[in-house]
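Undergrad: Could you look at this predicted model? Sequence included:
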Amino acid sequence: MAITDMPMLAMLRSRMQWNQARQTVIAENVANADTPGFRPHDLAELRVDQATGSPVSTSPGLALTAAGHMAPIGQAEPGVDPRKVKDFEIRPSGNGVNLEDEMMKAGDIQTDYQLAASLYQHSLTTLKIAIGKS
């Protein structure tokens, strides 16, 4: 087993990849803020198996196992949950994107990613010290 395959490092890597994917979804929401009828999306919260560090599927029922499979009804992409938009947040054009909420999410994602990256770097530094390569 390689040093970078340790469960702690795998969990941090998974968290950083999830943050990257969520940032892409939030950016799409912001880009479509003026598109009539657009409803914002968000990723389901990441769950990680603590023993292996690998992500655990949070979607109940059907899951896509191959790229050619159709998504279950009501699910646009694997892991994407359409956000429940309150009726008063929807503009007359049918668009439900709230830019303030999306910017708050983007800030949270940035903070979370920086924390995970910092922990990953410090873990690698600690491992290097432990094996005698400082």
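TA: Nice, thanks for sending it over.
Undergrad: Pull out the buried residues from the host helix or strand of Glu100.
TA: According to DSSP states H and E, Glu100 maps onto helix 99-131. Using 16 or more other Cβ atoms under 10 Å as the test for burial, helix 99-131 gives Glu102, Lys105, Ala106, Ile109, Tyr113, Ala116, Leu119, Tyr120, Ser123. C-beta coordinates here come from the backbone N, C-alpha and C atoms, glycine included.
Undergrad: One more: stretch 23-31?
TA: The neighbour-count check on stretch 23-31 (16+ other Cβ under 10 Å) flags Gln23, Val25, Ile26, Asn29 as buried.
Undergrad: Looks to me like the second one is in a strand.
TA: It refers to Val25. No - assessed with DSSP: H, G, I helix; E, B strand; the rest coil, Val25 is helix; it does not lie in a strand.
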